[in-house]
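[1] Dropping a prediction and its sequence here:
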Amino acid sequence: MLRRTFAAGITLAVVALLPGCGFHLEGRTVLPAVMRRPYILASNPQSDFVQSLRRDLVISGAHPVEREAHASAVIDVHDEVKRRVLSVSATNRPTEYEVSYTVHFSVRAGDKTLLAGQTVRATRSYTFNETLVLATEHEQAILTGAMGHELADIVMRRLAKL
């Protein structure tokens, strides 16, 4: 009985102290009022980054709009994924690739620039086996998706500081 009471007391103390240390659940970012109805102007609206950014905005309480005229702010996004060979085998075939995901973005509300053009980038490498082409292509797609999500998290933190 005493052991159970002690464990419950420790658990209660930890839960009570978490808010004081700045802990918050992942995914929810408090956005300023100007970001309540954003419009995402993207070169590729279906990219991993744009989809992750849209999802993160919704999770944070924003309501992305479909038309720029109805927006409280416009997030202008240009993202690109590049792949380059890192190493080759003795027979001059690629054995390792590097994938880089670069996002250029800015934020404006009407004629006012809220956030001047900024660039964020993530880079990952993976091995390539020509006998497992489908698996390595799938690995690149997974890495690209993860990097898009990571970059969307970075952009969300910057949007929260507007």
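    Yep, that arrived.
[2] In the chain, where's the longest helix?
    Identified as the longest helix of the chain according to DSSP state H is helix 133-160.
[3] Any buried residues in it, and which?
    Along helix 133-160, these residues count as buried under the neighbour rule (16 or more other C-beta atoms under 10 Å): 136, 139-140, 143-145, 147-149, 151-153, 155-156, 159. No exception for glycine: its C-beta is placed from N, CA and C like everyone else's.
[4] ditto for stretch 97-106
    97, 99-103, 105-106.
[5] Let me know the closest of these to residue 127.
    Closest approach between these and residue 127, by C-beta to C-beta: residue 97, at 8.0 Å.
[6] For that closest one, give me its contacts.
    Contact partners of residue 97, counting by C-beta atoms under 8 Å, 6 or more residues apart in numbering, are 83-86, 125-126, 128, 140.
[7] Send me stretch 79-94 as CSV with only the CA atoms.
    In CSV, the C-alpha atoms belonging to stretch 79-94 read as follows (Å, rounded to 0.1, in the frame of the first residue of the first chain):
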residue,chain,number,x,y,z
ASP,A,79,10.9,23.4,-52.6
GLU,A,80,13.2,21.0,-54.5
VAL,A,81,14.8,17.6,-54.0
LYS,A,82,18.2,16.8,-55.5
ARG,A,83,20.1,13.6,-55.6
ARG,A,84,23.8,13.2,-56.2
VAL,A,85,26.3,10.4,-56.2
LEU,A,86,28.5,10.2,-53.1
SER,A,87,30.5,7.1,-53.9
VAL,A,88,31.0,4.6,-56.7
SER,A,89,32.2,1.0,-56.8
ALA,A,90,35.3,-0.3,-58.5
THR,A,91,33.2,-0.8,-61.7
ASN,A,92,32.2,2.8,-61.6
ARG,A,93,28.6,2.2,-60.5
PRO,A,94,26.9,4.3,-57.8
